[in-house]
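Enquirer: Compute the structure for the input listed below.
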Amino acid sequence: MHSFGYRANALLTFTITILAAICTIASLSDTLNSISPTATVKKKSTGDDEVAVTLDISADLQSLFTWNTKQVFVFLAAEYSTPKNSLNQVSLWDGIIPAKEDAVFSIKTKNKYRFIDQGSNLRGRDFNLTLHWHVMPKTGKMFADKLVLPGFRLPESYR
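Expert: You can find the predicted model right below:
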C-alpha cells in the first residue's frame, strides 16, 4: 500500500498534467478563429501648429473575442514618412475593451495624445490612420494586428 504523501504527489502531478494539456488546447484553439474586424475613422477638423484632430472612430472588433480572450487593447496611430525617417508613428487615442459586448463602438473625440513632430514636417503631409489591437488571452500568447485606413492629409497652413 502506498503512503498518503505518495498518493498526494501522484494526484498533484496528474492534475498539473491535465491543466497543462487544457491550456495548450485552449491556446491552439485560438488559431482556428477567423477574425474580421472593421473600422472607420473620419478626421473632422485640424488646427494649430501642434495638430489637434477631432476624430470620429467607429469599429466592430467582436470577431477578436473568443472564449479565451481576456481583453483587447486598441489604439489609433497616425503614421507618416519624412525624409529623415521612413516611418513615424504618433499615438492619437487608445482604450481597453474588456468584453465582446463593448467591442462595437463609435466615439467622437479629440486626439488624446499630442500630435507633433520635430520641426515643421507635418504641414501638407499625407498620413494614414492605423488602428492597432493587441488581444490578451486568458492563456497562450498575445496576438497583435492592425487595420490601415489611408488617405488623410494635413493642411498646408493652419488658422
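Enquirer: List the pairing partners of the host helix or strand of Phe105 within its sheet, with orientation.
Expert: Element membership for Phe105, per DSSP states H and E: strand 104-110. Its sheet considered, strand 104-110 pairs with strand 54-60 (antiparallel) by DSSP bridges.
Enquirer: Check which element follows the partner strand along the chain.
Expert: Downstream of strand 54-60, the next assigned helix or strand under DSSP H and E is strand 69-80.
Enquirer: Can you list the residue ranges for strands in the protein?
Expert: 38-45, 54-60, 69-80, 88-97, 104-110, 126-137, 143-153 (DSSP state E).
Enquirer: quick one: contacts for Val72?
Expert: Residues in contact with Val72, defined by CB atoms under 8 Å, 6 or more residues apart in numbering, are Leu61, Leu64, Phe65, Ile96, Ile97, Ala103, Trp133, His134, Val135, Met136. To be clear about C-beta, it is placed using only N, CA and C from the backbone, and glycine gets the same treatment.
Enquirer: That one: what's its closest spatial neighbour, skipping adjacent residues?
Expert: Once flanking residues are discounted, Val72 sits nearest to Ile97: 4.4 Å by CB to CB, 6 or more residues apart in numbering.
Enquirer: Assess the claim that the one you found and Ala103 are in contact.
Expert: Yes: with contacts counted by CB atoms under 8 Å, Ile97 reaches Ala103, the gap being 5.3 Å.
Enquirer: Quick check: neighbours shared by those two?
Expert: Leu61, Val72.
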